[in-house]
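Peer 1: Pasting the sequence and the predicted coordinates here, then a few questions.
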Amino acid sequence: MRKRATARFLSREAAFLLGVSLIQNAADVIAVVDTAAQGDFANVDVDALTLPEVDMELSEPVLLTSQKVYAEPFSQDALPANRSGLQISAELAFDYSESGRLLSVSANGCLSPSMPELARLIGVNGYMANLQTQWLPSAALSEQSRLNFDEDGTDERLIFDWDNRRAYFETSITCHQYRGISAGSTEVGGNPEVNYSWTKDSGELAELVAEYDTGKTRTLVPDMANSSSVFPGYRLSEQGSEAEAVTFAVGISNCTPQEDAVDANSRSFPIPLMRGWSIATSVCLGILWRCSIDLK
């Protein structure tokens, strides 16, 4: 008597997701097996192993995976009028968990972690697909960025530990010395130069604290009375003294999109960089960014 057997095959997308999950959790799986084996792998009961449970996002959200910063002019004698007059000075790479949660941001060049941007990300618990705009421009425009970009390898990294409400900024370069951040090593992967931690109240961000390895502390507190969906209000203090605040001098008006606006579905597009914040005002320097967005 012949028995019928059935085989179940994964789709190409599901197999890729399984492979990504296996790679990201390989260390935990190996640790579980080593503990059970105690040096004798022949006697490991596979069915008795307690393997990591991984949340997955199956809706295929559109996520930002890379961002290129064009902020270095080809000629120092002229102000660039468009992208053709600029050369790349930094490139950011974004890594996610299987559930679509941001795990880290790595930079070839200078990254400049923004506490307001971190607060915005914390507001959606790291799921960038839930933001109306993913990762607003947040990179240092130091002239050193281009020099570091020309060297291979990762110069800086921002790592998130969502379960423990912490994030860590590591740098191996000197772009941020003016902010009191000095690299402790010539390679990332050591002790972080900045430790971020946050608390919540009724599910909303209550306070975001940045502790520098020099002993300096900066604290961001959301100001819901001065907030919009695009520009969340906040007050930022350093060593207990207010250093920065976003407030609105007049009410917020909605803008009507122009019919001839650039197609919002474009996967590669320039964004004007806003820099030079003051209360209720900003200055556009005309520096262009180029974002590459891929399906995750």
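Peer 2: Arrived safely.
Peer 1: my read: Glu211 touches Trp198, true?
Peer 2: No. Glu211 lies out of contact with Trp198 (C-beta atoms under 8 Å); the separation is 11.8 Å. Glycine gets a C-beta too; all of them are placed from N, C-alpha and C.
Peer 1: Who is Arg218 paired with across the strands?
Peer 2: Ala210, Glu238 (DSSP bridges).
Peer 1: begin at 391 from here
Peer 2: Sounds good: first residue 391 from here, last item Arg608.
Peer 1: For it, list the residues it contacts.
Peer 2: By C-beta atoms under 8 Å, 6 or more residues apart in numbering, the contact list for Arg608 reads 505, 599-600, 602, 626-628, 633.
Peer 1: And the residue most central in space within the chain, how far from Ala427?
Peer 2: The residue lying closest to the centre of the chain (C-alpha atoms, centre = their mean) is Val495, at 4.4 Å. The spacing between Val495 and Ala427, counted by C-beta to C-beta, to the nearest Å, is 37 Å.
Peer 1: for the stretch 541-686 of the chain, what are the low-confidence residue spans?
Peer 2: 619-620, 641-642, 644, 647-686 (pLDDT under 70).
Peer 1: again, only this time at 50
Peer 2: Residue ranges of the stretch 541-686 of the chain with pLDDT under 50: 654-686.
Peer 1: any chance you could map the strands in it?
Peer 2: 546-551, 556-561, 584-591, 594-602, 607-612, 624-628, 631-636, 658-668, 671-685 (DSSP state E, counting those that start in this stretch).
Peer 1: tell me the angle of the third one relative to strand 607-612?
Peer 2: Just to be clear, that refers to strand 584-591. Comparing the axes of strand 584-591 and strand 607-612 via axes from the mean of the first three to the mean of the last three C-alpha atoms, to 10 degrees yields an angle of 30 degrees.
Peer 1: now do the shortest one
Peer 2: The directions of strand 624-628 and strand 607-612 differ by 170 degrees, with the same axes, to 10 degrees as the criterion.
Peer 1: buried residues in strand 624-628?
Peer 2: Judged by neighbour count (16 or more other C-beta atoms under 10 Å), strand 624-628 contains these buried residues: 624-626.
Peer 1: Dump these into JSON lines; add distance to Ile512 as well.
Peer 2: Output for these, formatted as JSON lines (distance: C-beta to C-beta, whole Å):
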{"residue": "Tyr624", "distance to Ile512": "12"}
{"residue": "Arg625", "distance to Ile512": "16"}
{"residue": "Leu626", "distance to Ile512": "15"}
